[in-house]
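Peer 1: model the structure of this input:
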Amino acid sequence: MLLSVKEQLRPEEMVEDPWSLRAARAGLETEEYCRTAEELDRKQVIGRFATFLEHVRAKTDDGPVTKYNGLFHWTVPSGMEIRAGAECGRHICMTHCYWRTGGDVFGGAQIMGVVHGLEKDAVLEHKAAIDRHLEASGIPILHTAVFWGERSEIKPSEISPELYRKWMEEVKKAPVLQ
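Peer 2: Prediction:
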């Protein structure tokens with residue numbers, strides 16, 4: 001059940017109610033499937049749901065897909081997280097934006113987002129524009145930072161040792177960006 005809830009949506013599941021399709025595949029009624037998924041979420045074993053765009057390729061005919069991967073962090077006043085996340089996430093340059101407690105090591109950051117680009121200055125200009133937008137929207141930024149990643153990659157769920165082993169084998173075969 002847990003793997004079913006966490007696996008990526010397939011193209012044919014891009015419908016208004018993907019959970020009915022998953023429930024049927026699992027041999028469950030939709031209500032039971034959703035009730036079980038909600039219970040797993042309450043137990044905090046699901047983790048997070050996310051959608052990722054493909055943005056890892058060594059290169060295309062025109063050159064690399066991306067070179068700079070900026071992970072942006074913001075700390076905003078308590079109670080403003082949802083509003084701040086919505087304002088950050090509305091920027092089309094972001095490939096991911098989410099609310100997650102980063103803890104003290106990340107300056108108490110609650111909002112995180114990722115922007116990829118071929119030019120570092122362009123990625124930083126996007127960050128500055130989002131900062132200005134938050135301030136103009138009346139959302140104070142208590143702390144902010146940018147972390148840079150060499151590669152953008154999606155790691156599989158930690159709940160399936162079999163899927164992890166398969167992913168490790170694929171990573172060993174993958175070309176390395178130069």
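Peer 1: residue 149 and residue 139: what is the separation?
Peer 2: Distance of residue 149 to residue 139, computed by C-beta to C-beta, to the nearest Å: 26 Å. Where C-beta positions appear, they are placed from N, C-alpha and C, glycine not excepted.
Peer 1: compare neighbour counts for these two and give me the winner.
Peer 2: residue 139 (20 against 12; other C-beta atoms under 10 Å).
Peer 1: this structure: helices as residue ranges?
Peer 2: Taking DSSP state H, the helices of the chain run over residues 2-6, 18-26, 30-42, 81-89, 120-136, 161-173.
Peer 1: those helices: which one's closest to residue 113?
Peer 2: Comparison of the helices of the chain against residue 113 by C-beta to C-beta identifies helix 81-89 as nearest, at 5.3 Å.
Peer 1: the closest one: how far from the chain's middle?
Peer 2: Counting by C-alpha atoms, centre = their mean, to the nearest Å, helix 81-89 is centred 14 Å from the centre of its parent chain.
Peer 1: and the contacts of that helix?
Peer 2: For helix 81-89, the external contacting residues (C-beta atoms under 8 Å, 6 or more residues apart in numbering) are 72, 74, 76, 94, 97-99, 110-111, 113, 130, 133-134, 137, 139.
Peer 1: which members of those are the farthest-apart pair?
Peer 2: So for these, where distance means C-beta to C-beta, the most widely separated pair is 98 and 137, at 18.5 Å.
Peer 1: more crowded one of those two?
Peer 2: Taking neighbours as other C-beta under 10 Å, residue 98 and residue 137 compare with residue 98 leading, 15 against 12.
Peer 1: surely the more buried one is in contact with residue 110?
Peer 2: No: in this structure, residue 98 is not within contact of residue 110 by C-beta atoms under 8 Å, at 9.6 Å.
Peer 1: out of the helices and strands in this protein, which is least certain?
Peer 2: helix 161-173 (a mean of 78; mean pLDDT, DSSP states H and E).
Peer 1: export it to CSV, keeping only CA atoms.
Peer 2: Provided in CSV are the C-alpha atoms of helix 161-173 (Å, rounded to 0.1, in the frame of the first residue of the first chain):
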residue,chain,number,x,y,z
PRO,A,161,15.2,-1.8,-0.2
GLU,A,162,14.5,-3.4,-3.6
LEU,A,163,13.8,-0.1,-5.3
TYR,A,164,16.9,1.4,-3.7
ARG,A,165,19.2,-1.3,-4.9
LYS,A,166,17.8,-0.9,-8.5
TRP,A,167,18.3,2.8,-8.3
MET,A,168,21.9,2.4,-7.1
GLU,A,169,22.7,0.2,-10.1
GLU,A,170,21.2,2.8,-12.5
VAL,A,171,23.3,5.6,-10.8
LYS,A,172,26.5,3.6,-11.2
LYS,A,173,25.8,3.3,-15.0
